[in-house]
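Chemist: Let me see the structure of the following:
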Amino acid sequence: MLTLDLADFMVELNEGTVKHVGTKTKGATVKLYHVTETEARAFGDRVKLVFDDGEGNHVEVALDPEQVSSLLADAEGLDDDP
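Modeler: Numbering: from 1, shown residues only. So this is what the prediction gives:
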């Protein structure tokens, strides 16, 4: 399941063309639940993490290697929590 929450986001649809016409304060939150496949691969000097669920939803996130190391440390620390 994928949820998408858009804030202050406005687009103009004109003869098949999509153009952003809202403010620069736009933002979005995306959540992907029930991930069934994951992959990590090189993406230039970054690491791309790829997540898929069984419903055809697909999310890609590119992180700096330091961010990946921090994320791995956080995940390993979860094992220590009761």
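Chemist: Please count neighbours and contacts with C-alpha atoms only from this point.
Modeler: Noted.
Chemist: Determine the set of other helices and strands touching the helix or strand hosting residue 38.
Modeler: Per DSSP states H and E, residue 38 falls inside strand 35-43. Other helices and strands packing on strand 35-43, by 3 or more CA pairs under 8 Å, 6 or more residues apart in numbering; DSSP states H and E, are strand 46-53.
Chemist: isn't there a helix covering residue 72?
Modeler: Yes. Counting by DSSP: H, G, I helix; E, B strand; the rest coil, residue 72 is part of a helix.
Chemist: In contact with it, which residues?
Modeler: Contact analysis of residue 72 by CA atoms under 8 Å, 6 or more residues apart in numbering lists nothing.
Chemist: about what we covered before: quick one: the strand holding residue 38 to strand 46-53, angle?
Modeler: In terms of direction (axes from the mean of the first three to the mean of the last three CA atoms, to 10 degrees), strand 35-43 departs from strand 46-53 by 160 degrees.
Chemist: in strand 35-43, what counts as buried?
Modeler: Of all the residues in strand 35-43, those buried under the rule 16 or more other CA atoms under 10 Å are residue 35.
Chemist: Show me what the mean pLDDT comes to for that strand.
Modeler: When pLDDT is averaged along strand 35-43, the result is 97.
Chemist: neighbours of residue 56, just the number please.
Modeler: Other residues within reach of residue 56, judged by other CA atoms under 10 Å, total 8.
Chemist: and what of residue 49?
Modeler: Neighbour count of residue 49, defined by other CA under 10 Å: 17.
Chemist: wait, isn't it in contact with residue 60?
Modeler: Yes. Counting by CA atoms under 8 Å, residue 49 touches residue 60, with 5.7 Å between them.
Chemist: got a pLDDT number for the residue located most distally from the centre of the chain?
Modeler: No residue in the chain sits farther from the centre than residue 15, which is 29.5 Å out by CA atoms, centre = their mean. In this model, residue 15 is scored at 90, pLDDT.
Chemist: same thing with residue 82?
Modeler: So, for residue 82, pLDDT stands at 62.
Chemist: looking only at pLDDT, what's the mean for the helix or strand that contains residue 77?
Modeler: Taking DSSP H and E as the criterion, residue 77 maps to helix 65-78. In this model, helix 65-78 has a mean pLDDT of 94.
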